[in-house]
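Trainee: Sequence first, then the predicted structure, then my questions.
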Amino acid sequence: MADPPQKLIGSMAASKILGIDRATLTRWVKSGRITPRARIGSAFNATMVFDERDVRQLLVVIEQERQEEARRVERRAAAHADYLRKLAEIDGDVSEGAAV
């Protein structure tokens, strides 16, 4: 079965779907994170046009990255809390020993 025809969207719509600023979208294009299907207008101020499927696929990747980052932050917070607990135990042991 053939793929459905492309639905092309402008940079404003792509930015909105991705939840980012248009300047961020432009940086992502420059870095190769996403590729526009076409540029309309002068080279300096060209309007970028994207395949909506490409934008939605990138959105899935972004959401996965955010979830992975959230898990990393949780692990770091848990490790830090564990460190503070151990530090408090050591501090408590030292304080009790000094009082004797």
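Mentor: It's in.

Trainee: could you pull out the helices for the protein?
Mentor: In the chain, helices defined by DSSP state H lie at 11-18, 22-31, 52-99, listed in chain order.

Trainee: so who does the residue nearest to Lys7 when sequence neighbours are not counted touch?
Mentor: Counting by Cβ to Cβ, 6 or more residues apart in numbering, Lys7 lies nearest to Glu52, which is 4.3 Å off, once chain neighbours are set aside. Yep, even glycine has a C-beta here, placed from its N, CA and C like the rest. Neighbouring residues of Glu52 by Cβ atoms under 8 Å, 6 or more residues apart in numbering: 6-9, 13-14, 17.

Trainee: wait, which of those residues is closest to Arg27?
Mentor: Nearest to Arg27 among the contacts of Glu52: Ala14, at 13.1 Å, using Cβ to Cβ.

Trainee: Could you tell me how many residues sit around Ala88?
Mentor: Other residues within reach of Ala88, judged by other Cβ atoms under 10 Å, total 10.

Trainee: thinking again about what came up before, can you redo the helices of the chain as CSV with distance to Ser42?
Mentor: CSV is the format used below for the helices of the chain (distance: least, Cβ to Cβ, whole Å):
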stretch, distance to Ser42
helix 11-18, 15
helix 22-31, 15
helix 52-99, 24
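
Trainee: Minimum distance to Ile40: which of those helices has it?
Mentor: For the helices of the chain, proximity to Ile40 was assessed by Cβ to Cβ; helix 11-18 is nearest, at 10.4 Å.
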